[in-house]
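[1] Pasting the sequence and the predicted coordinates here, then a few questions.
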Amino acid sequence: MLIKFIVFALVGLVGTAAHYLLLYQLVESYAVNAVTASSYGAIAGMCINYGLNYLLTFKSQQSHLRAFPKFAVIASIGFGLNMGLMTLLTAQLYYLYAQILTTALVLVWNFLGNSLWTFRVKKA
């Protein structure tokens with residue numbers, strides 16, 4: 001489980017990079033509210049992470065019709081956590097510090113949800 005978490009986290013760096021780059025670009029170049037910008041970044045990261053986790057982390061044999069809806073549920077809850085935490089934390093912290101803390105918490109949720117439900121391998 002630890003190795004799978006490490007792979008999940010490493011794969012997640014790609015999606016997280018897309019999330020942060022979009023967040024930063026929207027806030028700094030277009031003056032978009034940090035919470036709104038973070039939501040767009042989270043959606044971009046989710047799309048990237050689904051593909052990479054399906055192929056690399058969990059090496060899933062499930063059809064996308066079965067796996068993606070579950071992934072979307074877990075990601076949607078993670079999205080809600082991201083938005084709620086960003087709303088709370090940006091009231092007190094610089095938006096990038098708030099996003100770092102939020103990312104750490106959502107990472108744990110996403111890993112557990114995807115390991116235990118989305119990509120769970122049923123033993124015969």
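    Noted; the coordinates are in hand.

[2] same question for stretch 111-124, mean pLDDT?
    Throughout stretch 111-124, pLDDT has a mean value of 87.

[3] The residue most central in space within the chain: what's it in contact with?
    Centroid check for the chain by CA atoms, centre = their mean gives M46 as the closest residue, at 5.3 Å. The contact partners of M46, by CB atoms under 8 Å, 6 or more residues apart in numbering, come to G15, A72, A75, G78, F79. Where you see a C-beta, it was placed from the backbone N, CA and C, and this is true even at glycine.

[4] Would you mind listing which of those are buried?
    For the contacts of M46, a burial check counting by 16 or more other CB atoms under 10 Å picks out G15, A75, G78, F79.

[5] Could you pull out the helices in the chain for me?
    2-30, 34-52, 64-89, 95-113 (DSSP state H).

[6] Counting neighbours, which bits of the second one end up buried?
    Looking back up the chat, that one is helix 34-52. Those would be 34-35, 37-39, 41-42, 44-46, 48-50, 52, for helix 34-52 by 16+ other CB under 10 Å.
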